[in-house]
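*Asks:* A structural model of the following input is requested.
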Amino acid sequence: MQGNTNTKTVPSPARLTRKLLRILLPAAFILIFFAWILIPMAYTVLWSVTDPKAGWAYPNALPLGYSLDTWEYVFKFVKIWDPIKNSLLIALATTAVAFLFSLPAAYALGRLDLKGKSLIKNLILLPMILPGMAMAIYVGRVINRMGLSGTYAGVILAHCLGGIPYMLRVLIVGFEVVPQDILDAAANLGGGPGVRFREVYLPMIAPSVVSGGIFTFINSMEEFTMTFIIGLPTIKTIPTVLFSFLGESYSATRGAVVTLILLVPNLILLMIVEKCIKTEYMGAALGKM
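*Replies:* Next up is the predicted model:
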């Protein structure tokens, strides 16, 4: 009579590595999320409700007192509503102008066979690489000679310089991935250039338009140097108010309040866009609309 022998299978090193990665990668992501997002946000919220009279300093882990006095001060005495309106108006106008300027150029670079196309794509990114203050000083002189200093038009044009690279680069990729067979089918069915652009290109590049719009809008909302040099003292935005509380008239509590105010429109925009991308825009990108 033979005895039964139980043999245990030893996992291979590759399988152990995959299991370890499945554990470590989510843990690393959660750690980074806490370290870079949740913890700074929690400190910002705490600073915004810290009682200015009690203060908050080392070695105290939490504020010594809480109040909404800073929120009341910002809305009552800083008149933050005007900078909020200015920021939203400028960001929306910048996004629209950047789209109108970028659309024909993105089509040419994405669909046409042009000489030096790779070089042009790299040159598009220069405004994102060059030092922001140096760019702002130079652009400020140009805007001043145009007689647009201290005007909304001048600030919007300056913001477009930083927003167009985002919009243009994303739209180029959107045009590049449009399948040629769909365009050929539309042409065979009698669709002219205008019909193909309206019925094929625009639905297919809709996700790219949304993505480019997000980057452009947020970049404009957070732009400080261009607005500081070209817009002040006539035009104030949320970033200029924020930096005023981080400079000579330093106030951590007021700076925290303005930071949260600046964050709200961006979060709302991202939530709205996330919902749209999951439904209509993604359907259009797949050719289902």
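*Asks:* can you give me the buried ones in the helix or strand containing residue 83?
*Replies:* Using DSSP states H and E, residue 83 sits within helix 81-111. Buried positions in helix 81-111, judged by neighbour count with 16 or more other CB atoms under 10 Å: 83-84, 86-88, 90-95, 97-99, 102-103, 105-107, 109-110. Placement of C-beta: from N, CA and C, glycine included.
*Asks:* and the next element down the chain from that helix?
*Replies:* Using DSSP H and E, the helix or strand that follows helix 81-111 in sequence is helix 117-124.
*Asks:* tilt between that next one and helix 81-111?
*Replies:* 170 degrees (axes from the mean of the first three to the mean of the last three CA atoms, to 10 degrees).
*Asks:* any buried residues in the helix or strand that helix 117-124 is followed by, and which?
*Replies:* Using DSSP H and E, the helix or strand that follows helix 117-124 towards the C-terminus is helix 126-129. Judged by neighbour count (16+ other CB under 10 Å), helix 126-129 contains these buried residues: residue 127.
*Asks:* list the contacts of helix 126-129.
*Replies:* Helix 126-129 is contacted from outside by 135, 161, 162, 164, 165, 166, using CB atoms under 8 Å, 6 or more residues apart in numbering.
*Asks:* what packs against the helix or strand that comes right after that helix?
*Replies:* Moving toward the C-terminus from helix 126-129, the next helix or strand (DSSP H and E) is helix 132-145. Counting contacts by 3 or more CB pairs under 8 Å, 6 or more residues apart in numbering; DSSP states H and E, helix 132-145 packs against helix 152-176, helix 225-226.
*Asks:* so of these, which one's packed in deepest?
*Replies:* Mean neighbour count (mean count of other CB atoms under 10 Å) peaks for helix 225-226 among these, with a mean of 24.
*Asks:* what does that one contact?
*Replies:* Here helix 225-226 makes contact (CB under 8 Å, 6+ apart) with 132, 133, 135, 136, 139, 140, 155, 158, 159, 161, 162.
*Asks:* which among the contacts of helix 126-129 gets closest to residue 21?
*Replies:* residue 166 (33.0 Å; CB to CB).
*Asks:* surely the closest one meets residue 213?
*Replies:* No. Residue 166 is not in contact with residue 213 according to CB atoms under 8 Å; the separation is 9.1 Å.
*Asks:* and residue 209, how far is that from residue 170?
*Replies:* Note on residue 209: its distance to residue 170, by CB to CB, to the nearest Å, is 8 Å.
*Asks:* and for residue 91?
*Replies:* To residue 170, residue 91 is 17 Å away according to CB to CB.
*Asks:* what do you get for residue 199?
*Replies:* In this view, residue 199 and residue 170 are 21 Å apart by CB to CB.
*Asks:* ok, now residue 103?
*Replies:* According to CB to CB, residue 103 and residue 170 sit 12 Å apart.
*Asks:* which one, of the helices and strands packed on helix 132-145, ends up nearest to residue 53?
*Replies:* Among these, the nearest to residue 53 by CB to CB is helix 225-226 (34.3 Å).
*Asks:* after the closest one, next one along is what?
*Replies:* Taking DSSP H and E, what comes next after helix 225-226 is helix 238-245.
*Asks:* now the element after that next one, going C-ward?
*Replies:* helix 252-276.
*Asks:* and that next one, how far out from the chain middle?
*Replies:* On the basis of CA atoms, centre = their mean, to the nearest Å, helix 252-276 sits 11 Å off its chain's mean C-alpha point.
*Asks:* same thing with stretch 99-112?
*Replies:* Relative to its parent chain, stretch 99-112 has a centroid offset of 21 Å by CA atoms, centre = their mean.
*Asks:* which other residues reach it?
*Replies:* For stretch 99-112, contacts defined as CB under 8 Å, 6+ apart pick out 114, 117, 120-121, 160, 164, 167-168, 171-176, 178, 201, 209, 212-213, 216.
*Asks:* apply 7 Å and report the result again.
*Replies:* With CB atoms under 7 Å, 6 or more residues apart in numbering as the test, stretch 99-112 has contacts from 114, 117, 120-121, 160, 164, 167-168, 171-172, 175-176, 209, 213.
*Asks:* do the same with stretch 76-83
*Replies:* Applying CB under 7 Å, 6+ apart, the contact partners of stretch 76-83 are 74, 236, 237, 238, 241, 261.
*Asks:* so what are the domain limits for this protein?
*Replies:* Split into domains by automatic domain parsing, the chain comes to 13-69, 79-285.
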